[in-house]
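> With the input below, show me the fold.
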Amino acid sequence: MDKLAREIDKFKGVKILVIGDLMIDEFIYGKVERISPEAPVPVVEVTSITYAPGGAGNVINNIYSLGGKIYPAGVIGDDGTGKKLLTDFKAKGVEIDGVVIDSERPTTLKSRIIGHSQQIVRVDREERSNIDEWVCKQILSFCRMVIEDIQSIVISDYGKGVINARLLEEIIPLAKKHNLPIIVDPKESHFLNYKGITVITPNLKEAESLTRKKIVDDESLINVGKSILAQLEAKGVLITRGEDGMTLFEENGDVTHIPTIAKEVYDVTGAGDTVVAVMAMALGAGLDMKTCARLSNCAAGIVVEKVGTATLKIDELQERIKKLE
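Numbering: from 1, shown residues only. Predicted coordinates for the structure are as follows:
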């Protein structure tokens, strides 16, 4: 484990291109003391509102927190939500030349209304159609411009239109040409378009949906993992299994079960983004697939112990790994 903790030192300054669906997570907190006379719903008296980058934005936040350099590529609307996201990126010194502003689309905003620590409802404001061709061209142009400066690529696919067949047809060969690993947080509808990527990180539900097979025991889990690996011709498949940890499938036939290290689970929001971010950092730093998966598992175990869309820092990750010795 001490060796594993030392490997994290290699994260500093790793350069990563993050392509995907940028959004803002809004958390509206309040107290509930009465039911509305207009309908049988609680009335929330708002006490505070917080915002955090979500989707691909949360992957960017995680990489920033771990000491990496980020090149985001995506789209926002010409609106206050988009400006809030850009302001956040600029404050962190994140490169924003790859963020395209499309006045015909809203910036995706997910609002969670929470009364007395209980989420009451989530409201999504978004456009899920594929981005226009001119937006796609601008994103691809930015990717070609930075390709020689980066060490890995993240595809953060939330199904909001940035990731589509047209874009993947160019990005995957481009990455292969420059011998760069691609890590995919998938959306089921694009499954076969990911063919040729390096590693994919579905959760159990996504893995079942990708293969149209149920996972009910270890045997069915292994069948699903190997099926995804073969169909995508990938080097690795990392299936995240909630309280049961993760299972890594590698192209050499190795199957590795990794138990969770979480002590308590308070909030799983954004945990998948943390997994992808750490995989990208670790692969970009030249670590092997099993080490990448173990570090991702440890990082996910830390963020689910926090409330809201959480990130972690390098020293948190190193300290937790040392305690596991």
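> What does Ile28 show for phi and psi?
Main-chain dihedrals, Ile28, degrees, to the nearest 10: phi -110, psi 110.
> quick one: contacts for it?
Val44, Val46, Ile49, Ser111, Arg112, Ile113, Ile114 (Cβ atoms under 8 Å, 6 or more residues apart in numbering). (C-beta placed from N, C-alpha, C; glycine too.)
> gap between the first one and Thr247?
The span separating Val44 from Thr247 equals 40 Å under the rule Cβ to Cβ, to the nearest Å.
> Just give the number of residues close to the closest residue to Ala56 other than its chain neighbours.
Leaving aside its sequence neighbours, Ala56 sits nearest to Gly20 (Cβ to Cβ, 6 or more residues apart in numbering; 3.2 Å). Residues near Gly20, counting by other Cβ atoms under 10 Å, number 27.
> Isn't Gly20 up against Ser156?
Yes. Assessed by Cβ atoms under 8 Å, Gly20 is found in contact with Ser156 at 3.0 Å.
> who touches both of these two?
With Cβ under 8 Å, 6+ apart, Gly20 and Ser156 have common neighbours Gly55, Ala56, Val59, Ile163, Asp185.
> Next, give me the two most distant ones among these.
Val59 and Ile163 (12.6 Å; Cβ to Cβ).
> In contact with Leu22, which residues?
With Cβ under 8 Å, 6+ apart, Leu22 has these contacts: 53, 55-57, 72, 74-76, 85, 99, 107-108, 162.
> Specify which residue of Val44 and Thr247 has the higher count of neighbours.
Thr247 (22 against 19).
> Regarding the more buried one, what is its secondary structure?
Following DSSP: H, G, I helix; E, B strand; the rest coil, we place Thr247 in the strand state.
> Equivalent analysis for Val135, please.
helix.
> In this structure it contacts Val100, no?
Yes. Applying Cβ under 8 Å as the test, Val135 and Val100 come out as touching, 5.1 Å apart.
> Identify the contacts common to those two.
Val75.
> For Lys213, grab the count of nearby residues.
With other Cβ under 10 Å as criterion, Lys213 counts 15.
> which regions of the chain lie under the pLDDT threshold?
The chain contains residues with pLDDT under 70 at 1-2, 265-268, 307-308, 325.
> which residue of it sits farthest from its center?
Pro37 (40.8 Å; Cα atoms, centre = their mean).
> mind checking how far it is from Gly115?
For Pro37 relative to Gly115 (Cβ to Cβ), the value is 17 Å.
> Please tell me I have it right and Glu251 contacts Leu232.
No. If you go by Cβ under 8 Å, Glu251 and Leu232 don't touch, sitting 10.3 Å apart.
> Settle it for me: which of these two has more neighbours?
Per other Cβ under 10 Å, whichever of Glu251 and Leu232 has more neighbours is Leu232, with 23 against 15.
> For that one, give me its contacts.
By Cβ under 8 Å, 6+ apart, the contact list for Leu232 reads Phe191, Leu192, Tyr194, Lys195, Gly196, Ile197, Ile200.
> The fifth one contacts Glu233, correct?
Yes. Between Gly196 and Glu233 a contact is recorded at 6.1 Å, counting by Cβ under 8 Å.
> more crowded one of these two?
Gly196 (15 against 11).
> So what are the sheet partners of the helix or strand that contains Leu109 and their directions?
If you go by DSSP states H and E, Leu109 is part of strand 108-115. With DSSP bridges as the test, strand 108-115 is paired with strand 22-35 (parallel), strand 118-125 (antiparallel).
> want to throw these into a markdown table with distance to Lys263?
Listed next are the strands paired with strand 108-115 as a markdown table, based on distance: least, Cβ to Cβ, whole Å:
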| stretch | distance to Lys263 |
| --- | --- |
| strand 22-35 | 23 |
| strand 118-125 | 22 |
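> So which of these is the most surrounded?
strand 22-35 (a mean of 18; mean count of other Cβ atoms under 10 Å).
> just checking, what packs against the helix or strand that that one is followed by?
Next along the chain after strand 22-35, taking DSSP H and E as the criterion, comes strand 42-55. Contacts defined by 3 or more Cβ pairs under 8 Å, 6 or more residues apart in numbering; DSSP states H and E place strand 42-55 against strand 22-35, helix 56-65, helix 80-91, strand 108-115.
> can you list contacts of strand 42-55?
Strand 42-55 is contacted by residues 20-36, 58, 60-61, 84-85, 88-89, 108, 110, 113, 115, 120, 156, 158, 160, 270, 273, 308-309 when judged by Cβ under 8 Å, 6+ apart.
> how about it: buried residues?
For strand 42-55, the neighbour count (16 or more other Cβ atoms under 10 Å) marks Pro42, Val44, Tyr51, Ala52, Pro53, Gly54, Gly55 as buried.
> If we ignore the residues flanking it in sequence, what's nearest the residue nearest the centre of the chain?
Central residue of the chain (Cα atoms, centre = their mean): Asp273, 2.6 Å from the mean position. Distances taken as Cβ to Cβ, 6+ apart place Asn58 nearest to Asp273, at 4.1 Å, with adjacent residues excluded.
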